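Colleague: structure, please.
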Amino acid sequence: MSLERLSGRLSQALDRFDFVESRMAAATDGAEIARLAKEHSDLKPVAETVRAWRAADAEAKDLEALLSDPDMAPLARDDLERVKGKIIELERQARLFLVPKDKDEEASAILEIRAGTGGDEAALFAADLFKMYQRCAGSRGWRFEIESVSETGLGGLKEVVASINGAGVFGRLRFE
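Modeller: Prediction:
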């Protein structure tokens, strides 16, 4: 996708974000507010990235103007290199936002961990793996509920089933 087309698509997303924000302030219907809030949360990272990209682009243009000043040129050159790296990263992020999302991206997930062949060591590994997923869910603000668990005498797990609910759970865990 060309830079002009990317910029146009991102401008549309930013315009939509601004419209949704203004509409949320005026909305009185609960269903409409809920729909707008969901769209707002989906568009907010895009809007933040677009605004940061535009600010970095403006900063780069200002720094390029300073390159003609012999006293400021060395400092401007270093800053310009840093800003151009930032612009490249923001452009990469912006392109990712425009990739269509899978319809199941926001779905919940069921996690099943079973100890394999290996006796107590496999059960201890299963317990460590379960704790890792539990901490991961907690750090992301996901709700983690144990559905069933079968423990061994040494603190290991024969099997455990848990449900994980939250924003982007399935999209994040689908390939685990």
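
Colleague: next one: the strand or helix carrying Arg35 to chain centre, how far?
Modeller: Assessed by DSSP states H and E, Arg35 sits inside helix 30-66. Relative to its chain's centre, helix 30-66 lies at 14 Å (C-alpha atoms, centre = their mean, to the nearest Å).

Colleague: repeat that for stretch 60-77.
Modeller: For stretch 60-77 - counting by C-alpha atoms, centre = their mean - the centre lies 35 Å from the chain centre.

Colleague: quick one: buried residues of that stretch?
Modeller: Neighbour-count burial for stretch 60-77, counted by 16 or more other C-beta atoms under 10 Å, picks out 60, 63, 76. Backbone N, C-alpha and C define where each C-beta goes, glycine included.

Colleague: among those residues, which one lies nearest to Gly8?
Modeller: Comparing these against Gly8 with C-beta to C-beta picks out Ala60 as the nearest, at 19.8 Å.

Colleague: burial of the nearest residue to that closest one once chain neighbours are set aside, as a residue count?
Modeller: Nearest residue to Ala60, sequence neighbours excluded (C-beta to C-beta, 6 or more residues apart in numbering): Val83, at 4.8 Å. If you count neighbours by other C-beta atoms under 10 Å, Val83 ends up with 21.

Colleague: surely Val83 is in contact with Asp62?
Modeller: No. With contact defined as C-beta atoms under 8 Å, Val83 does not count as touching Asp62 (9.3 Å).

Colleague: which secondary structure elements does the helix holding Arg35 sit against?
Modeller: helix 3-26, helix 73-97 (3 or more C-beta pairs under 8 Å, 6 or more residues apart in numbering; DSSP states H and E).
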